[in-house]
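Chemist: Got a predicted model here, sequence first, then my questions.
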Amino acid sequence: MWWRLPRAQWREQKGDGNKTAIRKIVKAGEVPGLLAYADGEPVGWCAIGPREAYPRLATSRTLKPLDDQRVWSVTCFFVARARRRRGVTVELLKAATEFARKRGAKIIEGYPVEPKKQQADAFVYTGLASAFRNAAFKEVARRSPTRPIMRRAI
């Protein structure tokens, strides 16, 4: 919900309020993200949707839109600890690309981190630039030394 809400609203409804908000989105028939499974168990998740579903991007100095093209955005990931560093993020990116393509997207965009030193997993929730590269994304802008904006034409 972080990217979908103004900061004050996100803080105000932190926890149960944000859980209720995401349930409301799902009950309305919107797909807010994709799940990855291995051996029948969920092992990862990524948020995917049209960029306009994430108004916080528009107010970010670093991640604000580059242009007015219709873009789908991948905004965050979660991968189970036991499955990290095994390509789950790359597979989620490939699935997100196909998901967006089937819904008419021509461009998919992500906002990964490219840390200068080892980072705790909690600080790379938007993904690592290396995973995006491995999923055929190209860097199109960098307004911060560690935060590229990456795109893939579909």
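Modeler: Thanks, I have the structure now.

Chemist: okay, CA-based contacts and neighbour counts for the rest of this
Modeler: Will do.

Chemist: in the sheet, who's paired with the nearest residue to Val124 once chain neighbours are set aside?
Modeler: Excluding the flanking residues, the one nearest Val124 by CA to CA, 6 or more residues apart in numbering is Val113, at 6.0 Å. Counting by DSSP bridges, Val113 is bridged to Leu128.

Chemist: Wait, Val113 touches Asp121, no?
Modeler: No. If you go by CA atoms under 8 Å, Val113 and Asp121 don't touch, sitting 10.9 Å apart.

Chemist: okay, these two: which has more neighbours?
Modeler: More neighbours surround Val113 than the other of Val113 and Asp121, with 22 against 13 (other CA atoms under 10 Å).

Chemist: who's in contact with the more buried one?
Modeler: Going by CA atoms under 8 Å, 6 or more residues apart in numbering, Val113 touches Val124, Thr126, Gly127, Leu128, Ala129, Thr146, Arg147, Pro148.

Chemist: Looking at pLDDT only, which of those residues scores worst?
Modeler: Within the contacts of Val113, Val124 has the lowest pLDDT, namely 85.

Chemist: In this structure that one contacts Lys117, no?
Modeler: No. The criterion here is CA under 8 Å, and Val124 misses it with Lys117 at 11.9 Å.

Chemist: so what pLDDT did Pro55 get?
Modeler: At Pro55 the predicted local confidence, pLDDT, stands at 90.

Chemist: Which stretches in this protein count as strands?
Modeler: Assigned by DSSP state E, the chain shows strands spanning 33-38, 41-50, 72-79, 107-110, 138-142, 148-153.

Chemist: List the strands paired with the third one, with their directions.
Modeler: In other words, strand 72-79. Using DSSP bridges, the strands paired with strand 72-79 in its sheet are strand 41-50 (antiparallel), strand 107-110 (parallel).

Chemist: what's next to it, contact-wise?
Modeler: 3, 43-51, 88-89, 93, 96, 100, 105, 107-111, 125-127.

Chemist: if we go to 7 Å?
Modeler: 43-51, 100, 105, 107-111, 125-127 (CA atoms under 7 Å, 6 or more residues apart in numbering).

Chemist: And Leu63, how close does it get to Pro148?
Modeler: Going from Leu63 to Pro148 by CA to CA, to the nearest Å gives 8 Å.

Chemist: Compare those two (neighbour count), which wins?
Modeler: Using other CA under 10 Å, the more surrounded residue of Leu63 and Pro148 is Pro148, with 22 against 19.

Chemist: Brilliant, that's me finished.
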